[in-house]
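Enquirer: fold the following.
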Amino acid sequence: MLDVSAIDFPMSAAKPKSQTPDAKTKTRKTGGVVVAHRIKWQLRALTWLLFALIRTVSATLRYRWNDRSGFINMPTPGPAIYCIWHNRLALCMPAYYGYVQKYRRTSGLAVLVSASKDGGFLTGILENFKVQPVRGSSSRRGPQALLELTTWAERGYDLAITPDGPRGPLYVVQEGVMSLAQLTGLPIMPVSYHVNWKIRLKSWDRFQIPLPFSRCEMIYEKPVFVPRAATNAEREKLRLQLEAELKSITVD
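Expert: From the prediction side, this is the model:
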């Protein structure tokens with residue numbers, strides 16, 4: 001989920017007969033289809049080191065799980081779309097595997113990642129977590145990524161997206177996640193966390209790097225549902241609701 005993009009998906013996209021996400025190929029057009037950048041072996045080795053660092057720091061944190069959703073502990077299993085701000089991606093995998101998967105026995109997790117070179121690097125980290133990356137953004141592979149995400153949802157996978165990524169504005173929910181929820185029928189689960197010891201980078205999102213042995217409160221808010229027949233006005237109202245809920249559980 002590291003550097004996941006928000007996409008303004010077209011709702012009229014048609015599902016392909018056979019679509020298998022390809023996260024390792026270079027960005028180019030093949031028969032009119034755009035595929036994403038892959039990374040070289042040197043960077044792939046670095047992704048493994050970062051994966052190990054995330055696992056190590058996460059193991060030292062003192063977690064408190066604050067589940068307000070009323071959804072994760074439901075007895076009936078089912079996938080959802082998990083939303084977390086771009087600056088909190090460092091602990092998004094512990095948020096999912098440390099709590100959600102203990103109760104929600106879905107097929108796995110598919111994550112939207114930018115189709116850029118940076119996205120290729122982040123894809124390598126995700127693959128170490130056994131996550132299925134789906135490459136796309138508003139400027140590259142948007143319709144293809146939507147089709148791939150819906151395919152993974154139909155296979156019983158949870159989906160994940162950063163609603164304000166990859167370039168912001170910070171803490172503003174973009175339209176892509178609303179389109180994805182409307183098309184798949186899955187609930188949107190707002191997720192955030194607060195760590196008391198961290199480093200904040202001077203990037204557009206003020207990316208947060210948790211320090212070892214911090215206290216971390218993981219918060220899961222009530223889901224937002226987007227009806228398949230929702231109008232533009234209804235989608236905008238729900239977008240603002242999701243944005244407000246995410247902000248309410250976000251403490252900087």
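Enquirer: now for the longest strand along the chain, which elements pack on it?
Expert: Counting by DSSP state E, the longest strand found in the chain is strand 188-195. Counting contacts by 3 or more C-beta pairs under 8 Å, 6 or more residues apart in numbering; DSSP states H and E, strand 188-195 is packed against strand 81-83, helix 92-95, strand 215-220, helix 232-248. To be clear about C-beta, it is placed using only N, CA and C from the backbone, and glycine gets the same treatment.
Enquirer: could you give the number of residues near T123?
Expert: 28 (other C-beta atoms under 10 Å).
Enquirer: now do the same contact list for W152.
Expert: Neighbouring residues of W152 by C-beta atoms under 8 Å, 6 or more residues apart in numbering: P21, A110, Q132, V134, L159.
Enquirer: thinking again about what came up before, tell me which of the helices and strands packed on strand 188-195 lies nearest to Q144.
Expert: Closest to Q144 of the helices and strands packed on strand 188-195, according to C-beta to C-beta: strand 81-83, at 18.1 Å.
Enquirer: what packs against that closest one?
Expert: strand 158-161, helix 176-184, strand 188-195.
Enquirer: mind doing that once more with 10 Å?
Expert: On a contact count with 3 or more C-beta pairs under 10 Å, 6 or more residues apart in numbering; DSSP states H and E, strand 81-83 meets strand 109-113, strand 158-161, helix 176-184, strand 188-195, helix 232-248.
Enquirer: contacts for that strand?
Expert: 1, 4, 6, 92, 95-96, 100, 109, 111-112, 149, 153, 158-164, 173, 177, 180-181, 184, 186-192, 220-221, 223-224, 226, 242-243, 245-246 (C-beta atoms under 10 Å, 6 or more residues apart in numbering).
Enquirer: which entries within those meet the buried criterion?
Expert: Buried subset of the contacts of strand 81-83 (neighbour count, 16 or more other C-beta atoms under 10 Å): 1, 4, 6, 92, 95-96, 100, 109, 111-112, 149, 153, 158-164, 173, 177, 180-181, 184, 186-192, 220-221, 223-224, 226, 242-243, 245-246.
Enquirer: contacts only, for A244.
Expert: V173, P190, E221.
Enquirer: where in the stretch 1-150 of the chain is pLDDT low?
Expert: Residue ranges of the stretch 1-150 of the chain with pLDDT under 70: 1-42, 77, 115-119, 137-142.
Enquirer: could you pull out the helices for it?
Expert: 41-60, 92-95, 101-103, 117-128, 142-154 (DSSP state H, counting those that start in this stretch).
Enquirer: what does the third one contact?
Expert: In this structure, residues lying in contact with helix 101-103 by C-beta under 10 Å, 6+ apart are W65, D67, F71, I72, N73, M74, P75, P77, G108, L109, D158.
Enquirer: show me the beta-bridge partners of Q132.
Expert: A110 (DSSP bridges).
Enquirer: isn't S58 right up against Y97?
Expert: Yes - applying C-beta atoms under 10 Å, one finds S58 in contact with Y97, separated by 9.5 Å.
Enquirer: comparing the two, which residue is more hemmed in?
Expert: S58 (19 against 15).
Enquirer: that one: what's it in contact with?
Expert: A90, L91, M93, P94, A95, Y97, G98, P210, P212, C216.
Enquirer: what does S107 give?
Expert: Residues in contact with S107, defined by C-beta under 10 Å, 6+ apart, are P77, P79, Q132, W152, A153, R155, G156, Y157, D158.
Enquirer: got a pLDDT number for the closest residue to it other than its chain neighbours?
Expert: Nearest residue to S107 in three dimensions, chain neighbours excluded: G156, at 3.9 Å (C-beta to C-beta, 6 or more residues apart in numbering). Listed pLDDT for G156 reads 94.
Enquirer: which one of the helices of the stretch 1-150 of the chain is the most hemmed in?
Expert: Most buried of the helices of the stretch 1-150 of the chain, by mean neighbour count (mean count of other C-beta atoms under 10 Å): helix 92-95, with a mean of 24.
Enquirer: hey, C-alpha coordinates of it in CSV?
Expert: The C-alpha trace of helix 92-95 is given here as CSV (Å, rounded to 0.1, in the frame of the first residue of the first chain):
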residue,chain,number,x,y,z
CYS,A,92,-0.7,0.1,6.6
MET,A,93,0.4,-3.5,6.4
PRO,A,94,0.5,-4.0,10.2
ALA,A,95,-2.9,-2.3,10.3
